[in-house]
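In: Below is the sequence, then the predicted model.
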Amino acid sequence: MQIYLPIAELSLDVFLLLGLGGLIGFLSGVFGVGGGFLMTPLLIFIGVPPPVAVATQANNVVASSISGVLGHFRRGNVDVKMGIVLLVGGLIGSTAGVSLFKLLRDLGQIDLVINLSYVLFLGVIGLLMTWEGIRALVRRRRHTPRRKLHQHTWVHGWPLKMRFRKSRLYISALLPLGLGFAIGVLSAIMGVGGGFILVPAMIYLLGMPTAVVIGTSLFQIIFVAANVTLLQAIQNQTVDIVLALLLLLGGVIGAQYGSRVASRLPGDTLRILLGVIVLVTCGRLLFELVSVPVDLYSIGVTK
Amino acid sequence: MTPGRRLLHAFLLAAALCLAGGQARAAELVADLSNHLVAITTGFAGTDVLLFGAVEQPGEVVVIVRGPNVPIRMHRKSRIAGIWMNTATMSFDSAPSFYAVNASAPLDKVARPAVRERHAMGLENLDIPLPRAKASPNIAQEWRDALVRAKARKGHYARAVGSVTFLGARLFRSNVFFPANVPTGSYTVEVYLLREGQVVSAQTTPLIVSKVGVEAELFDFAYEYSATYGAVAILIALVAGWLAHTLFRKA
């Protein structure tokens, strides 16, 4: 059954879209990731214009983050103060990102930038995941020494120090502000929540305790993704509500099954599996960038 | 097509009709469409529109379907550091957003070259004004050909000439296919009756391609009230996320 997507301006099969939402929902249920970084490339593969894929996916990130953050709030795993500082950076970053997106679109370079960003990030993350998974499999039973709460580095000398009680940190506000900004730009251009970069950055760069990292990152992602959605809708008219609804519906159902399966599978195997999926997606995108195009000429967006 | 060109077109058409007027009576050619509206609805996956008609005396029939003229921007890729990226851009002020030709026999047998050129019969005779030369004419021609190729890939320009079938000597019919990604706007369907390579009669019928119902409302909503549209999208996502959360808790 075909359905016409009013903003993407093409017809796609309803069950393909539901299935895609379900698959990504399933994967995000299994692996506990947002899944945006897989959904956007897959949408591009099935013919959705990259700008529409990115903006619509940003809207879906709002949904998946809110459903995640509610649970973390109940367990008290959200550092609201840290979240707000990250958020201020994120709002500025995503606003700049959407304007950059529009500029690149007018220049005819947005598809290239979206693809390149994905190749870069998927490549790095896929390699790290696979590597970590393999390493963990090899030394599964080896005991690891306890780490210090956090180490002092040069960033602790930065001005504008702020106390974050929940995270037990006393660090410069510039650090989370800058991090939020960078993730905001990324979020606008790639249509992802950015959790896959934000989470490791919060642990290793800011030194936050692991327990509050996921909840806090989801908390700030909701607002940044909402800001991206709103600005993309206003500046580029690229948010497709029909597409978003179908993906959401599939995603909700998929995620439910995913989290059930996750409890029955070993974590390291899962990580290697996800790493391989990410690398395959990255390879496909890279292939498109380097292989000789069907036609050197293509139609661009009219200003 | 510029207004001047259109006027010239109409004038030539009228002249052709007058020249043929000797033997032609009021209705040498009658044609109509099965449908004057291609409605893009939720389930739209492309559609056929049937054109049917009759001629007084035997001849050849050519049908030209044109979408509204729009500006089009083209990009050309080249390889930089192993990666293909857009490195050149050319803007066309006006090109048909859709174009298809059907004919009862091969175009070169039906119409003389001058006639084909005058009425833009066939992709090679399409009147796409070449961009104001930044380079030599043959480079401009390359861009024009590239535009035709790109539109053909999208299914907006029919690559091959479609068929017009005669049922007996006087009745004819022809199918025009509009793909799912058909551009919207006011189309014209020109029907020409030709004898000995010359146009003896012609008729133009309008055709509207438009999003209707929910699709149209969403599209207009997204462009006219984009801030509200964005807010609604976020609201839907919030509700969906909250619903998903409550479902999970019960499970």
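Out: Arrived safely, thanks for sending.

In: Near chain B, which residues of the stretch 101-250 of chain A are found?
Out: Within the stretch 101-250 of chain A, the positions lying close to chain B (CB under 8 Å from any CB of the partner chain) are A:108-109, A:112, A:116, A:226, A:229-234, A:237, A:239, A:241-242, A:244-245, A:248. In short, each C-beta sits where N, CA and C put it, glycine included.

In: residues near the residue in the stretch 1-150 of chain B that chain A sits nearest to, how many?
Out: With distances taken as CB to the nearest CB, the stretch 1-150 of chain B approaches chain A most closely at residue B:146, which sits 3.4 Å away. Applying other CB atoms under 10 Å in any protein chain shown, we find 19 other residues in the vicinity of residue B:146.

In: My guess is it contacts residue B:74. True?
Out: Yes: judged on CB atoms under 8 Å, residue B:146 makes contact with residue B:74 at a distance of 6.1 Å.

In: Find residues that contact each of these two.
Out: Counting by CB atoms under 8 Å, 6 or more residues apart in numbering or on different chains, the residues touching both residue B:146 and residue B:74 are residue A:297.

In: Go through the residues of the stretch 101-250 of chain A next to chain B and flag which are in helices.
Out: Using DSSP state H to define helices, the subset of those located there is A:112, A:116, A:226, A:229-234, A:241-242, A:244-245, A:248.

In: Go through those and name the one nearest residue A:292.
Out: Lowest distance from residue A:292 to these (CB to CB) belongs to residue A:112, with 15.5 Å.

In: what bits of the chain have low per-residue confidence?
Out: Defaulting to chain A. Within chain A, the set of residues satisfying pLDDT under 70 comprises A:32, A:140-157, A:262, A:267, A:303.

In: wrong chain, I was asking about chain B
Out: Applying pLDDT under 70 to the predicted model, the residue ranges of chain B that meet it are B:1-26, B:132-135, B:249-251.

In: the longest helix in it is where?
Out: With DSSP H applied, the helix covering the greatest number of residues in chain B is identified as helix B:226-250.

In: tell me which residues in that one are buried?
Out: The neighbour-count criterion (16 or more other CB atoms under 10 Å in any protein chain shown) identifies B:226, B:229-234, B:236-238, B:240-241, B:244-245, B:248 as the buried residues of helix B:226-250.

In: buried set for stretch A:117-134?
Out: Within stretch A:117-134, judged by 16+ other CB under 10 Å, the buried ones are A:117-119, A:121-123, A:125-126, A:129-130, A:133.

In: List the beta-bridge partners for the residue nearest to residue A:158 when sequence neighbours are not counted.
Out: The shortest distance from residue A:158 to any residue other than its chain neighbours is 3.3 Å, reached at residue A:172 (CB to CB, 6 or more residues apart in numbering or on different chains). Using DSSP bridges, the beta-bridge partners of residue A:172 come out as residue A:161.

In: give me the number of residues near residue A:172?
Out: As a burial measure, the neighbour count of residue A:172 was computed by other CB under 10 Å and equals 16.

In: pretty sure it is touching residue A:161, no?
Out: Yes: counting by CB under 8 Å, residue A:172 sits close enough to residue A:161 to count as a contact (5.5 Å).

In: What are the boundaries of the strands in the stretch 151-300 of chain A?
Out: Counting by DSSP state E, counting those that start in this stretch, one finds strands in the stretch 151-300 of chain A at the ranges A:161-164, A:169-172, A:297-299.

In: What is the distance between the second one and the centre of its chain?
Out: Okay, so that is strand A:169-172. A distance of 26 Å separates the C-alpha centroid of strand A:169-172 from that of its chain, computed with CA atoms, centre = their mean, to the nearest Å.

In: now do stretch B:114-122
Out: Stretch B:114-122 has its C-alpha centroid displaced from the chain centroid by 16 Å (CA atoms, centre = their mean).

In: Need the CA coordinates for it. CSV is fine.
Out: The C-alpha trace of stretch B:114-122 is given here as CSV (Å, rounded to 0.1, in the frame of the first residue of the first chain):
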residue,chain,number,x,y,z
ALA,B,114,10.2,23.3,-38.9
VAL,B,115,6.8,22.2,-37.6
ARG,B,116,8.3,20.1,-34.9
GLU,B,117,10.5,23.0,-33.9
ARG,B,118,7.7,25.5,-33.9
HIS,B,119,5.4,23.4,-31.7
ALA,B,120,8.2,21.9,-29.5
MET,B,121,7.4,18.4,-30.5
GLY,B,122,10.0,16.0,-29.0
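
In: Identify the residues contacting that stretch?
Out: Stretch B:114-122 is contacted by residues B:9, B:12, B:62, B:64, B:101, B:103, B:107-108, B:111, B:125-127, B:161, B:190, B:192, B:194, B:197-199 when judged by CB under 8 Å, 6+ apart.

In: what's residue A:76 sitting at in phi/psi?
Out: Per-residue torsions, residue A:76: phi 70, psi 30 (degrees, to the nearest 10).

In: Quick check: it vs chain B, distance?
Out: Residue A:76 sits 16 Å away from chain B, taking CB to the nearest CB, to the nearest Å as the criterion.

In: Please tell me how far the residue nearest to residue A:158 sits from residue A:159.
Out: Distance from residue A:172 to residue A:159, counting by CB to CB, to the nearest Å: 6 Å.

In: What of residue A:104?
Out: In this structure, residue A:104 lies at 34 Å from residue A:159, with CB to CB as the measure.

In: And these two? Which one has more around it.
Out: A side-by-side neighbour count of residue A:104 and residue A:159, using other CB under 10 Å, places residue A:104 first with 17 against 7.

In: Which of the helices or strands spans that one?
Out: In this structure, residue A:104 is located in helix A:80-107 according to DSSP states H and E.

In: Let's have the ones in helices among the residues of the stretch 101-250 of chain A next to chain B in TSV, adding neighbour count.
Out: Rendered in TSV, the data for those read as follows (neighbours: other CB atoms under 10 Å in any protein chain shown):
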residue	neighbour count
A:112	18
A:116	16
A:226	25
A:229	30
A:230	23
A:231	25
A:232	29
A:233	29
A:234	17
A:241	22
A:242	21
A:244	26
A:245	19
A:248	25
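
In: Tell me which of the buried residues of stretch A:117-134 fall in helices.
Out: Among the buried residues of stretch A:117-134, the members falling in helices (DSSP H) are A:117-119, A:121-123, A:125-126, A:129-130, A:133.

In: which one of the residues you listed is nearest chain B?
Out: Distance to chain B across these (CB to the nearest CB) is lowest for residue A:119, with 9.4 Å.

In: Pull the contacting residues for the closest one.
Out: With contacts defined as CB under 8 Å, 6+ apart, the neighbours of residue A:119 are A:282, A:285-286, A:289.

In: Mind jotting down where the helices sit in the stretch 151-300 of chain A?
Out: Along the stretch 151-300 of chain A, the stretches classed as helices by DSSP state H, counting those that start in this stretch are A:174-190, A:195-204, A:210-235, A:241-262, A:267-290.
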